[in-house]
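Trainee: got a predicted structure here, sequence first:
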Amino acid sequence: MCGIVGYIGNRKAIPVLLSGLSKLEYRGYDSAGVAINENGKLRVEKCKGRLTSLEERLKTENLDGGMGIGHTRWATHGEPNDINSHPHISQSGEIAVVHNGIIENYIQLKEFLVERGYNFKSDTDTEVVAHLVEHYYKGDLLDAVMKVIDEIEGSYALGVLSKDNEDMFVCARKDSPLVIGLGDGENFIASDIPAILEYTRNIYILEDKEVAVMTKDSVKVFNSLGAPVKKEVFKVNWDVEAAEKGGYEHFMMKEMYEEPKVIRDTFSPRIINGELKLDNINITKEEIDNLQKIYIVACGTAYHAGVVGKYIIEKLCKIPVEVDVASEFRYRDPLITDKDLTIIISQSGETLDTLFALREAKNKGSRILSIVNVVGSSIARSSDDVLYTWAGPEIAVASTKAYNTQLTALYLVALDFALKKGTISKEEADNILASLKEIPAGIEEILKDKENIQKFAHRHYNAKSIFFIGRSLDYALSMEGSLKLKEISYIHSEAYAGGELKHGTIALIEKGTLVVCPMTQDSLFDKMVSNIREVKARGAVVLAITQQRHKEELEKTADLVLTIPDVDSLIAPISAVTPLQLFAYYMALEKGCDVDKPRNLAKSVTVE
Ligand code: M6R
């Protein structure tokens with residue numbers, strides 16, 4: 001939610017800010033803006049719309065200067081318009097602020113400031129920060145920002161520029177991500193690493209309530225008490241190309257094509273001479289034996305991966321598992337204890353609800369094992385054990401390759417626990433691992449066959465409502481297929497357990513209603529065939545997705561059968577999701593939607 005970037009050095013700031021913002025647009029894209037200090041004068045340009053609108057505007061303005069801050073917005077307070085865009089400026093025009101997060105006590109702070117003569121121009125929560133910094137500013141910008149962060153409640157990543165300070169700016173964070181890039185005679189801040197990766201690989205990751213003073217030759221970090229903090233340099237080991245489209249029309253397609261590689265990257269280093277060895281997972285056999293329950297907590301696509309996790313952990317490890325949506329879990333006072341393990345799943349590692357759910361579980365004594373994609377993210381740093389999904393940067397708002405790797409990681413955890421607990425034999429584990437190793441090649445085959453899905457999408461993109469039905473792991477898969485479709489094609493869709501449809505929702509099935517049926521579970525195949533007959537009897541058009549071995553049989557019932565290479569039912573969701581992702585992609589494309597940046601969404605949800 002919102003991207004911020006900042007620069008100080010010998011280059012002109014504007015091109016650095018714009019290039020950084022272009023890499024952060026996935027975080028929000030309803031407006032954008034920049035502020036620079038040009039010879040002791042603050043100059044601000046901002047406007048509603050995508051970054052390209054700001055770039056157009058900047059062509060006619062000659063904004064010079066080597067220090068500035070920039071912002072790309074996902075609106076929380078106040079509609080997307082020019083005035084609500086960031087940066088926000090203080091009363092005197094001498095302080096400029098960019099912000100990611102939500103200031104929860106902004107109404108009280110606004111009243112305080114209004115009483116003291118401050119006039120508000122925007123509807124945002126952020127504007128209070130600009131005025132408050134001015135209120136406390138007595139010539140020391142760091143001191144003023146420290147006072148402000150002492151007063152504001154909620155989440156923030158902030159970049160603060162002042163007119164008086166031509167050679168320094170200040171940044172701070174709490175519960176919203178912010179990294180500092182260290183250059184030679186130049187330094188950077190950004191909400192995410194890709195924004196500054198073309199300039200530096202040396203990064204400081206700011207911790208909650210840390211504040212930094214940025215000059216071109218130094219970065220000084222302080223804790224909330226004002227004491228200096230010695231930071232460790234984190235070296236980024238991936239390339240900037242990983243966050244670029246590389247010839248594909250959309251990031252989403254590029255990321256689907258990366259699935260075979262990233263699945264391999266997630267399991268290969270963890271199978272050494274046929275033995276499963278999970279790095280950074282230190283939970284012992286004794287602790288696993290004594291677990292009462294496992295909670296899996298996540299949001300969106302990561303939550304759907306968690307639903308698959310529930311099925312497989314219960315099946316392989318014989319440990320009861322509850323799966324929760326993070327925003328529910330954190331407020332429902334869960335009955336979690338130190339005898340339970342919490343598995344947190346997150347691509348970004350920064351999703352606010354998930355992070356707070358983690359804290360809730362931790363406060364109640366639970367051990368935290370997280371499955372995270374972004375190294376050094378808040379969730380990773382707050383966990384006892386971390387299993388990284390090596391999916392690389394995922395830029396498209398719709399999550400694809402991250403999901404496949406989350407599933408891969410969950411299978412590895414389930415197998416590791418089951419082996420330690422003795423609920424499966426080494427031979428059974430080897431068979432599952434052998435199936436896992438076949439998945440990447442299977443997805444390569446699925447991707448070769450994508451035209452079939454495209455043709456089907458071409459015929460059906462005008463559908464008003466689509467149902468996904470499946471049983472067991474296919475029900476979990478249906479949820480993900482349905483979410484993917486609605487988030488990028490804006491077609492209403494719902495996922496149901498195959499047996500549940502007739503308890504009400506079947507009333508909505510009429511002539512021509514499209515029903516998508518993942519059918520990868522051999523033991524439930526016949527039950528699903530009956531469900532297909534039920535919907536077809538009411539006029540539905542059925543798209544089924546199954547293993548090659550069921551094709552002939554299924555073609556007798558479904559209207560179109562898409563196949564995935566033969567794979568064991570237990571492991572099938574990892575490859576069976578790819579046709580669902582392709583289906584959503586082509587439906588969105590046919591409808592002319594912006595596949596990578598769907599309306600109202602942002603990649604990283606760092607607000608409640
Ligand atoms: O970064 P996270 O995995 O924590 O994000 C969770 C969800 O916000 C995310 O999966 C979202 O649902 C995606 N847009 C789905 O494609």
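Mentor: Okay, I see it.

Trainee: from here on, contacts and neighbour counts on C-alpha atoms
Mentor: Will do.

Trainee: just how off-centre is stretch 109-128 within its chain?
Mentor: Stretch 109-128 has its C-alpha centroid displaced from the chain centroid by 32 Å (CA atoms, centre = their mean, to the nearest Å).

Trainee: what about the closest residue to Ile263 other than its chain neighbours, distance to Ile564?
Mentor: Leaving aside its chain neighbours, Ile263 sits nearest to Thr405 (5.4 Å; criterion: CA to CA, 6 or more residues apart in numbering). As defined by CA to CA, to the nearest Å, Thr405 lies at a distance of 18 Å from Ile564.

Trainee: neighbour count: the two, which is higher?
Mentor: Thr405 (30 against 26; other CA atoms under 10 Å).

Trainee: got a pLDDT number for the nearest residue to Tyr585 once chain neighbours are set aside?
Mentor: Take Tyr585 and drop its neighbours on the chain: the residue closest to it by CA to CA, 6+ apart is Val595, 6.9 Å away. Turning to Val595, the model gives it a pLDDT of 94.

Trainee: same question for the one 4 residues further on.
Mentor: At Arg599 the predicted local distance difference test score is 89.

Trainee: wasn't it part of a helix?
Mentor: No. With DSSP: H, G, I helix; E, B strand; the rest coil as the criterion, Arg599 is located in coil rather than a helix.

Trainee: the residue nearest to Ile263 contacts Tyr388, doesn't it?
Mentor: No. Judged on CA atoms under 8 Å, Thr405 makes no contact with Tyr388 at a distance of 9.1 Å.

Trainee: overlap of the contact sets of those two?
Mentor: Residues within reach of Thr405 and of Tyr388 at once, by CA atoms under 8 Å, 6 or more residues apart in numbering, are Thr266.

Trainee: returning to that earlier point: how many residues are close by the residue nearest to Tyr585?
Mentor: Neighbours of Val595 (other CA under 10 Å): 25.

Trainee: same thing with Glu445?
Mentor: By other CA under 10 Å, 14 other residues sit near Glu445.

Trainee: ditto for Glu61
Mentor: Using other CA under 10 Å, Glu61 has 10 other residues around it.

Trainee: and the pLDDT for it?
Mentor: At Glu61, pLDDT is 82.

Trainee: same question for Val236.
Mentor: Note on Val236: pLDDT of 90.

Trainee: residue contacts, the residue nearest to it when sequence neighbours are not counted?
Mentor: Excluding its sequence neighbours, the residue lying closest to Val236 (CA to CA, 6+ apart) is Arg201, at 5.0 Å. Residues near Arg201 by CA under 8 Å, 6+ apart: Gly181, Leu182, Lys235, Val236, Asn237.

Trainee: max pairwise distance over the residues you listed: which two?
Mentor: Leu182 and Asn237 (15.0 Å; CA to CA).

Trainee: which one's more surrounded, these two?
Mentor: Taking other CA under 10 Å, Leu182 and Asn237 do not tie; Leu182 has more neighbours (23 against 8).

Trainee: state the pLDDT value of the more buried one.
Mentor: So, for Leu182, pLDDT stands at 98.

Trainee: ok, now which ones touch the residue in the stretch 451-600 of the chain that the ligand sits nearest to?
Mentor: The ligand sits closest to Lys484 of the stretch 451-600 of the chain, with a gap of 5.9 Å, by CA to the nearest ligand atom. Lys484 makes contact with Ala398, Ser399, Leu580, Gln581, Ala584 under the criterion CA under 8 Å, 6+ apart.

Trainee: contacts with the ligand among the residues you listed, please.
Mentor: Ala398, Ser399 (CA under 6 Å from any ligand atom).

Trainee: most neighbours out of the contacts of Lys484, which is it?
Mentor: Ala584 (29 neighbours).

Trainee: my guess is that residue meets Leu483, correct?
Mentor: No. Assessed by CA under 8 Å, Ala584 is found out of contact with Leu483, at 9.0 Å.

Trainee: checking the residue of the stretch 451-600 of the chain closest to the ligand next. Helix, strand or coil?
Mentor: Lys484 is classified as helix under three-state DSSP.

Trainee: need the residues of this protein near the ligand, please.
Mentor: Within reach of the ligand by CA under 6 Å from any ligand atom, the chain has these residues: 299-302, 346-349, 351, 397-399, 484, 603-605.

Trainee: let's see 5 Å
Mentor: Within the chain, the residues that sit near the ligand (CA under 5 Å from any ligand atom) are Cys299, Gly300, Thr301, Ala302, Ser346, Gln347, Ser348, Thr351, Ala398, Ser399.

Trainee: from those residues, which ones fall inside helices?
Mentor: Gly300, Thr301, Ala302 (DSSP state H).

Trainee: now, which of those residues sits nearest Ile271?
Mentor: For these, the residue nearest Ile271 by CA to CA is Ala302; the value is 23.8 Å.

Trainee: so the closest one is in contact with Ser348, correct?
Mentor: No. Applying CA under 8 Å as the test, Ala302 and Ser348 come out as separate, 10.1 Å apart.

Trainee: which is the next helix or strand following the helix or strand where the residue nearest to Ile263 lies?
Mentor: Per DSSP states H and E, Thr405 falls inside helix 401-421. Once the chain leaves helix 401-421, the next helix or strand it forms, by DSSP H and E, is helix 426-448.

Trainee: please state the offset of that following helix from the chain centre?
Mentor: In terms of CA atoms, centre = their mean, the centre of helix 426-448 is set 26 Å apart from its chain centre.

Trainee: cool, stretch 42-53 as well?
Mentor: 25 Å.

Trainee: would you map out the domains in this structure?
Mentor: 3-237, 243-447, 449-590 (automatic domain parsing).

Trainee: output the contacting helices and strands for the helix holding Thr405.
Mentor: Other helices and strands packing on helix 401-421, by 3 or more CA pairs under 8 Å, 6 or more residues apart in numbering; DSSP states H and E, are helix 259-267, helix 285-289, helix 300-317, strand 367-372, helix 426-448, helix 573-590.

Trainee: spit out the contact partners of Glu590.
Mentor: Shown in contact with Glu590 (CA under 8 Å, 6+ apart): Ala457, His458, Tyr461.

Trainee: which of these are buried, as a PyMOL select command?
Mentor: Listed next is the PyMOL selection for buried residues among the contacts of Glu590, using 16 or more other CA atoms under 10 Å:
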select buried, resi 457+461
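
Trainee: what's the closest of the contacts of Glu590 to Leu161?
Mentor: Distances from Leu161 to the contacts of Glu590, taken by CA to CA, are shortest for Tyr461, at 48.0 Å.

Trainee: about what we covered before: can you put the domains of the chain in a markdown table and add distance to Arg599?
Mentor: A markdown table is the format used below for the domains of the chain (distance: least, CA to CA, whole Å):
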| stretch | distance to Arg599 |
| --- | --- |
| domain 3-237 | 9 |
| domain 243-447 | 10 |
| domain 449-590 | 8 |
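
Trainee: in helices, which of the contacts of Glu590 fall?
Mentor: Per DSSP H, these map to helices at Ala457, His458.
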